[in-house]
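missing the sequence, but the structure's below:
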């Protein structure tokens, strides 16, 4: 099986194609993909130079690191596979990792860019080496990161400038000192990466700190020379991330491995959208005004010389009238947003000043009707968006030429990009909205802007073609998960069909089931009443199961949850939401096992909860199917004896964006009468989440356990049945016979 997968991946890669692989636990997907990718990279007859691994789950990222280390253990030093794990600045910055007062996880991104700009600016008057020397002289308090002593102080160093002292980053200065004039970043790496194998986060930081250089700069410098790069979906599909970090390796010399590929479409959909904040819009108006004012006044009141502006504009296709028009347009756009938000709040949230929601979503058209949105109606001529976009790009180039200091944080490029997309994207596959975000410190003012920040959003409802176009930029690859079925739907929504049709790239599929003894597991689909909000009622009003509002339905589910929770060993209870998880934990208060309740929290808190679940005597862990404990977590061995999924985790269908996605899928793949939109966009992704959760139980040859799906939609045929997407292994039982089936299974295990 694994041999077949490796051979198929290699063959499809040699032809520039993709393998879509569904493999249950035990298939060895991680090692399979690395083995195939590295075989192609080290084959002198291919153009492949590296493997780029994408995964949405940190647990899986660690698994790729582990398997790469296993591969290297079997190789001679001169044959070691060079590997690199991509992480963000918060994980790499010495001042964040060293727990100093200079930067933290919330300020590191803006702070790093500011320090880099300052450091570069300082090198206009002195060399980067002089900055490094100055920093070393100011070393009085040791800075230790990743168990390595840095050659600089805990606090940022400073140099004397006109008007006072200016702080800079010594680690970045050291990088600039080593960077050659031709800009070859690999030449700035002060250590030889050959023979080091995998440079995970700790190893990269340690090597960089040892030489006093910037770990994040080392990461970007080593990307193009590493044979295996391990990252997440952002590194291939987010335009900003790829432009800054991985843009240089997205080409035919890279073999793509996309893990947890059942999440590719929903995760990438968000990355392929566009958003424009009102603050950015206002900043762009100010930047345009810097050009307009000297043209009007003929003086230097904005710090820009009028003659210089005219000279720069003469080299472009735009003039003063275009600048004036662009400013009027952006101001009009801002006024339109103000009017739309005000009307919505008055109609839908009249008490918003007293009862302030965290977020408010304002659709700009009927989500089910692909009509023109309200903002585009205001513009009348959709070409105006494209025209103003072009003016903003021109103005940005003019300011680039006129500004003495490099400025990488202007608003105009963002405004130009979003306006162009807003004007050019259709209204069938794209949905426009305004989203209000509550300010961290709302003020008691008369307008909504005192309470909220507004963002214009352009949502890509059907991202398949865009995904396929990005996949076509790579030389080939493998998309894999334990839950891709139905494969034809997966190929459609992730752009593989588009890739095959438009780029003539072969797409091959393989499916491998569980390879472990079937007698070690039992699987039940319980024909309980549908666990929908309409049936079950609000959990906050259903603490008493005899209360009105779904009491009978909840009583059935409470019995099922208690029945599964009392089997021998650890049990995972998976609910559609955290509110339902809290209800389920209350149901389990009477059982003779500790009950742990998961809640929306940070990674460290979730990890502590997970370790508590694994340690000691048998327990029950109750969580949401929207959380992080149902995918990518290793529950092998005796860590998990049973998992029960209650209901179908379909996302909120009342959300305008969800409704727009459903309607867009209807139109794109079959017409509004077919129901394909609900199936493709909502039902199938929900079943995949349920399958991921129950897949936590059987992880190895010796594992023993039960898997239970509770909801008649899993168990029976019907207009809304999901039975066809559930494995044939699942035995359909009525709620009263679930305990009989479980007892029979565990009795067999005793013999």
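Happy to help now that I have it. Treat the numbers as computed from the prediction; the structure is a model and nothing was measured.

Which of the helices and strands in this protein ranks last by mean pLDDT?
In the chain, the helix or strand scored least confidently by mean pLDDT, DSSP states H and E is helix 239-241, which has a mean of 80.

So what touches it?
Residues from elsewhere that reach helix 239-241, judged by Cβ atoms under 8 Å, 6 or more residues apart in numbering: 234, 235, 271. No exception for glycine: its C-beta is placed from N, CA and C like everyone else's.

Same question for stretch 699-706.
Residues outside stretch 699-706 that contact it (Cβ under 8 Å, 6+ apart): 25-26, 516-517, 520-524, 564, 567, 569, 634-637, 640-643, 697-698, 742, 745, 749.

where does the stretch 251-400 of the chain have low pLDDT?
297-304, 382 (pLDDT under 70).

Kindly recompute the last result at 90.
Applying pLDDT under 90 to the stretch 251-400 of the chain flags the ranges 267, 270-272, 290-320, 350-358, 369-370, 379-384, 386, 397-400.

All the strands of it, in order from the start?
Here the stretch 251-400 of the chain has its strands, by DSSP state E, counting those that start in this stretch, at 254-258, 274-277, 359-363.

Deepest-packed of those, please.
Ranked by mean neighbour count, those are led by strand 254-258 with a mean of 26 (mean count of other Cβ atoms under 10 Å).

just checking, what packs against that one?
Packing partners of strand 254-258 (3 or more Cβ pairs under 8 Å, 6 or more residues apart in numbering; DSSP states H and E): helix 29-41, strand 50-54, strand 476-481.

Adding mean neighbour count as columns, could you present the ones you listed in CSV?
As requested, the helices and strands packed on strand 254-258 are exported to CSV (neighbours: other Cβ atoms under 10 Å):
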stretch, mean neighbour count
helix 29-41, 23
strand 50-54, 26
strand 476-481, 27
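
out of the ones you listed, which comes closest to residue 556?
strand 476-481 (31.8 Å; Cβ to Cβ).

Give me the sheet partners of that closest one and which way each runs.
strand 18-23 (parallel), strand 254-258 (parallel) (DSSP bridges).

So which of the ones you listed is nearest residue 668?
Nearest to residue 668 among these is strand 18-23 (19.9 Å), distances taken as Cβ to Cβ.

so that closest one versus helix 29-41, what angle?
160 degrees (axes from the mean of the first three to the mean of the last three Cα atoms, to 10 degrees).

buried ones in strand 18-23?
Of all the residues in strand 18-23, those buried under the rule 16 or more other Cβ atoms under 10 Å are 18, 19, 20, 21, 22, 23.

for these, which one is nearest residue 717?
The shortest gap between residue 717 and any of these belongs to residue 22, at 23.7 Å (Cβ to Cβ).

To which secondary structure element type does residue 212 belong?
What DSSP: H, G, I helix; E, B strand; the rest coil gives for residue 212 is coil.

Let me know whether it touches residue 170 as I believe.
Yes - under the contact definition of Cβ atoms under 8 Å, residue 212 touches residue 170, with a separation of 7.0 Å.

what sits in contact with each of these two?
Contacts common to residue 212 and residue 170, judged by Cβ under 8 Å, 6+ apart, are 132, 152.

domains of this protein?
Recorded structural domains for the chain (assignment: automatic domain parsing) are 1-81+227-272+463-513, 89-226, 275-461, 518-750.

ok now do the residue lying closest to residue 21 once chain neighbours are set aside, which residues does it touch?
Leaving aside its sequence neighbours, residue 21 sits nearest to residue 480 (Cβ to Cβ, 6 or more residues apart in numbering; 4.2 Å). Shown in contact with residue 480 (Cβ under 8 Å, 6+ apart): 19, 20, 21, 22, 23, 29, 32, 33, 257, 258, 259, 261.

again, 6 Å this time
Residue 480 makes contact with 21, 29, 261 under the criterion Cβ atoms under 6 Å, 6 or more residues apart in numbering.

Switch those over to JSON lines; also include distance to residue 462.
Output for the contacts of residue 480, formatted as JSON lines (distance: Cβ to Cβ, whole Å):
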{"residue": "21", "distance to residue 462": "24"}
{"residue": "29", "distance to residue 462": "28"}
{"residue": "261", "distance to residue 462": "18"}
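
For residue 417, find the nearest of the helices and strands packed on strand 254-258.
Closest among the helices and strands packed on strand 254-258, once you apply Cβ to Cβ, is strand 50-54, at 23.7 Å.

name the helices or strands packed onto the closest one?
Secondary-structure packing of strand 50-54 (3 or more Cβ pairs under 6 Å, 6 or more residues apart in numbering; DSSP states H and E): strand 228-231, strand 254-258.

buried stuff in the next helix or strand after that strand?
Counting by DSSP states H and E, the next helix or strand C-terminal to strand 50-54 is helix 58-73. Neighbour counts over helix 58-73 (16+ other Cβ under 10 Å) mark 60, 61, 62, 63, 64, 65, 67, 68, 71, 72 as buried.

From those residues, pick the one nearest residue 662.
residue 60 (29.3 Å).

So that closest one is in contact with residue 631, correct?
No - judged on Cβ atoms under 6 Å, residue 60 makes no contact with residue 631 at a distance of 8.9 Å.

I'd like the buried residues of helix 58-73 as CSV, with distance to residue 533 appended.
Formatted as CSV, the buried residues of helix 58-73 follow (distance: Cβ to Cβ, whole Å):
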residue, distance to residue 533
60, 32
61, 35
62, 37
63, 37
64, 39
65, 41
67, 42
68, 45
71, 49
72, 51
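
and those residues as TSV, adding pLDDT and distance to residue 166?
Shown next, in TSV, are the buried residues of helix 58-73 (pLDDT from 0 to 100; distance: Cβ to Cβ, whole Å):
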residue	pLDDT	distance to residue 166
60	84	43
61	88	38
62	88	41
63	90	45
64	94	42
65	94	40
67	95	47
68	96	42
71	96	47
72	95	44
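
Out of those, give me the two with the largest separation.
60 and 72 (18.9 Å).

out of the contacts of stretch 699-706, which are buried?
Using 16+ other Cβ under 10 Å, the buried members of these are 25-26, 516, 520-524, 564, 567, 569, 634-635, 640-643, 697-698, 742, 745.

taking these one by one, which sit in strands?
521, 522, 523, 524, 642, 643 (DSSP state E).

from those, which is closest to residue 410?
For those, the nearest to residue 410 is residue 643 (50.7 Å; Cβ to Cβ).

And for residue 311, the neighbour number?
13 (other Cβ atoms under 10 Å).

Checking residue 510 next. Helix, strand or coil?
What three-state DSSP gives for residue 510 is strand.

give the contact list for it.
Residues in contact with residue 510 (Cβ under 6 Å, 6+ apart) are 8, 21.

What distance do you get for it to residue 670?
27 Å (Cβ to Cβ, to the nearest Å).

Check residue 270 too.
Counting by Cβ to Cβ, the gap from residue 270 to residue 670 is 24 Å.

Then residue 251?
In this view, residue 251 and residue 670 are 35 Å apart by Cβ to Cβ.

Residue 727 belongs to a helix?
No - with three-state DSSP as the criterion, residue 727 is located in coil rather than a helix.
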